[in-house]
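Participant: Below are the sequence and a predicted model; questions follow.
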Amino acid sequence: MKQSYFDIISNTEIAKNVYKIILCGDTSDITASGQFVNIKLDGLYLRRPISVCDYSLNTLTLIYKVVGKGTQKLSEMKEGKLDILTGLGNGYNLSVSGDAPLLIGGGVGVPPLYNLAKKLIDSGKNVNVILGFNTEDEIFYAKEFSDLGANVTVCTVDGSVGVKGFVFNIFLYVGV
């Protein structure tokens, strides 16, 4: 775990109440897909835990949903520095993935799967992804997963896009 300051590069809404923030700073303590960070926001007592969507040598991408005071405040920040604890959590073990891993995530459970899918595809795996959302206006990153080379199925609870239903029962329908 490391405490670092990250510069805000961009912070944009990508779906209804869902934001993508790109930060620049020391990512050396992020060592595995599936880890998370804790963000300190001025005026708020507790740090906000956010899953890492993607990272590189000095860039960190986080996707978060506005659900309270902290994430609302974060969504309004367009520039400045953030005090972040990095390298939290164990991340995913890629050695147990098999040849055709199935990644399933819904809503804010989608972002930590992105870097995992990227690493699995880079290692030659045939990655299948099921992404679940409540409605069409909440869908994000389906194209980004597809652009990586993943086989993507989208489901919505209301049936407005893709297969109607929840992610936990859709994989039976898809037959992956």
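Facilitator: Looks like it arrived, so ask away.

Participant: Find the residue at the geometric middle of this protein.
Facilitator: The structure's the chain has its C-alpha centroid closest to Pro111; by Cα atoms, centre = their mean the separation is 1.3 Å.

Participant: pLDDT wise, what is it at?
Facilitator: With respect to pLDDT, Pro111 has a value of 98.

Participant: Distance of it relative to Phe140?
Facilitator: 9 Å (Cβ to Cβ, to the nearest Å). Yep, even glycine has a C-beta here, placed from its N, CA and C like the rest.

Participant: packing partners for the longest helix along the chain?
Facilitator: Secondary structure of the chain per DSSP state H: the longest helix is helix 111-122. Here helix 111-122 touches strand 48-55, strand 102-106, helix 142-148, going by 3 or more Cβ pairs under 8 Å, 6 or more residues apart in numbering; DSSP states H and E.

Participant: buried residues in that helix?
Facilitator: 111-121 (16 or more other Cβ atoms under 10 Å).

Participant: Those into CSV, with extra columns for distance to Gly165?
Facilitator: Shown next, in CSV, are the buried residues of helix 111-122 (distance: Cβ to Cβ, whole Å):
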residue, distance to Gly165
Pro111, 21
Pro112, 22
Leu113, 19
Tyr114, 22
Asn115, 26
Leu116, 23
Ala117, 22
Lys118, 27
Lys119, 28
Leu120, 25
Ile121, 26
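
Participant: what's the neighbour count on Pro36?
Facilitator: For residue 36 the amino acid is Phe, not Pro. Phe36 is flanked by 19 other residues according to other Cβ atoms under 10 Å.

Participant: Which parts of the chain belong to which domain?
Facilitator: Using automatic domain parsing, the domains assigned to the chain come out as 2-88, 94-174.

Participant: quick revisit: only the C-alpha atoms, please, for the longest helix of the chain, written as PDB.
Facilitator: C-alpha atoms of helix 111-122 as PDB (Å, rounded to 0.1, in the frame of the first residue of the first chain):
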ATOM      1  CA  PRO A 111     -14.900  -1.900 -14.100                       C
ATOM      2  CA  PRO A 112     -12.500  -4.300 -12.300                       C
ATOM      3  CA  LEU A 113     -13.100  -6.800 -15.000                       C
ATOM      4  CA  TYR A 114     -11.800  -4.600 -17.800                       C
ATOM      5  CA  ASN A 115      -8.100  -4.800 -17.000                       C
ATOM      6  CA  LEU A 116      -8.500  -8.500 -16.200                       C
ATOM      7  CA  ALA A 117     -10.100  -9.100 -19.600                       C
ATOM      8  CA  LYS A 118      -7.200  -7.100 -21.200                       C
ATOM      9  CA  LYS A 119      -4.600  -9.300 -19.500                       C
ATOM     10  CA  LEU A 120      -6.300 -12.600 -20.300                       C
ATOM     11  CA  ILE A 121      -6.700 -11.700 -24.000                       C
ATOM     12  CA  ASP A 122      -3.100 -10.600 -24.100                       C
END
